[in-house]
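Trainee: for reference, the sequence and a predicted model appear below.
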Amino acid sequence: MKFLFAALMIFMSISTKAQQPFKFQQLQFERVKLAYDLKWTSLQKELQQAGFKENFELLITAYKAEGKLEIWIKNKDKQKFSLFKTYDFCAHSGKLGPKMIEGDLQTPEGFYKINVFNPMSSYHLSLGVDYPNEVDKVRTGKDRKTGGDIYIHGDCVTVGCIPLTDDKIREVYVLAVEAKNSGQLEIPVYIFPFRMTKANFESYAKEYPQHIAFWNTLQPGFHYFEKNKKMAKVTQAGGKYLIK
């Protein structure tokens with residue numbers, strides 16, 4: 001009888017934790033709690049001043065050549081995103097062009113989403129990017145390894161990730177937790193080789209002609225977001241991104 005009672009208590013405890021809001025679960029970790037203690041009050045003020053409500057949606061864009069990561073936010077009752085914050089990469093890895101294989105030190109390029117919240121990261125806090133996607137797998141090929149474990153994280157070292165320093169990742173992490181906690185199922189992460197204007201494209205194409213065909217599949221997504229400030233409808237087929 002005692003065994004059954006103990007088992008029931010454990011089951012109820014697990015069930016209760018599973019039902020807790022995502023934010024509550026994250027706040028059980030010391031680094032997340034510290035991030036909220038240090039950043040959330042000031043972020044709330046900045047969000048209010050910018051006209052954002054508590055329940056917002058988040059979109060992240062990153063530009064490798066410029067070394068910039070942008071946080072775009074919109075209220076759930078609005079259609080368009082507005083730029084909220086811009087952060088500098090703390091370090092760079094590889095060259096322009098997509099990640100191809102494991103160990104090439106490249107930062108991916110493409111249309112991704114956050115798939116991991118790691119409150120116990122080796123790099124303070126980290127947000128996982130769902131590389132490789134189907135486009136990446138086709139490009140890499142069957143007989144080679146794509147690699148993985150691509151994150152936006154703290155610290156200032158990288159072998160293909162996007163490091164922001166511990167201080168800056170606290171803000172990005174908190175904002176991502178808030179967006180997920182308010183019901184956003186997918187947080188997009190658009191990683192571009194550069195701001196894909198016509199002039200930039202022509203300039204970088206001369207230096208990296210081997211990437212022109214791939215970059216041509218990214219540029220429509222860049223232009224769509226630049227013009228509309230909305231999430232592009234991105235599908236993946238035949239190793240290419242298709243933008244609607």
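Mentor: Ah, there it is.

Trainee: doesn't I101 lie inside a strand?
Mentor: No. Under DSSP: H, G, I helix; E, B strand; the rest coil, I101 sits outside any strand and is assigned coil.

Trainee: from K74, how far out is it?
Mentor: 36 Å (CB to CB, to the nearest Å). Every C-beta, even on glycine, is put in place using the N, C-alpha and C of the backbone.

Trainee: between the two, tell me which one has more neighbours.
Mentor: Between I101 and K74, counting by other CB atoms under 10 Å, K74 is the more crowded of the two (20 against 13).

Trainee: tell me the SS of that one?
Mentor: Relying on three-state DSSP, one would call K74 strand.

Trainee: I'd say it and F81 touch.
Mentor: Yes. Between K74 and F81 a contact is recorded at 4.5 Å, counting by CB atoms under 8 Å.

Trainee: overlap in contacts, those two.
Mentor: By CB atoms under 8 Å, 6 or more residues apart in numbering, K74 and F81 have these common neighbours: E57, L59.

Trainee: skipping adjacent residues, who's closest to K85 in space?
Mentor: I71 (4.4 Å; CB to CB, 6 or more residues apart in numbering).

Trainee: wait, a helix at that neighbour?
Mentor: No. Counting by three-state DSSP, I71 is located in no helix; its state is strand.

Trainee: that one - how many residues pack around it?
Mentor: Close neighbours of I71, defined as other CB under 10 Å, add up to 19.

Trainee: could you list every helix and strand in contact with the longest strand along the chain?
Mentor: Using DSSP state E to define each element, the chain has its longest strand at strand 110-121. Helices and strands touching strand 110-121, as assessed by 3 or more CB pairs under 8 Å, 6 or more residues apart in numbering; DSSP states H and E, comprise helix 30-49, strand 124-129, strand 150-153, helix 166-181, strand 188-192, helix 212-228.

Trainee: off-centre distance for the following helix or strand past the fifth one?
Mentor: Following the chain from strand 188-192 toward its C-terminal end, the next helix or strand by DSSP states H and E is helix 198-207. Distance, stretch centre to chain centre, for helix 198-207: 26 Å (CA atoms, centre = their mean, to the nearest Å).

Trainee: how about helix 198-207 as CSV, C-alpha atoms only?
Mentor: In CSV, the C-alpha atoms belonging to helix 198-207 read as follows (Å, rounded to 0.1, in the frame of the first residue of the first chain):
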residue,chain,number,x,y,z
LYS,A,198,20.9,43.9,-55.0
ALA,A,199,24.2,45.8,-54.5
ASN,A,200,25.3,43.4,-51.7
PHE,A,201,24.4,40.4,-53.7
GLU,A,202,26.3,41.5,-56.8
SER,A,203,29.4,42.4,-54.6
TYR,A,204,29.5,39.1,-52.7
ALA,A,205,28.6,37.0,-55.7
LYS,A,206,31.9,38.0,-57.3
GLU,A,207,33.8,36.7,-54.3
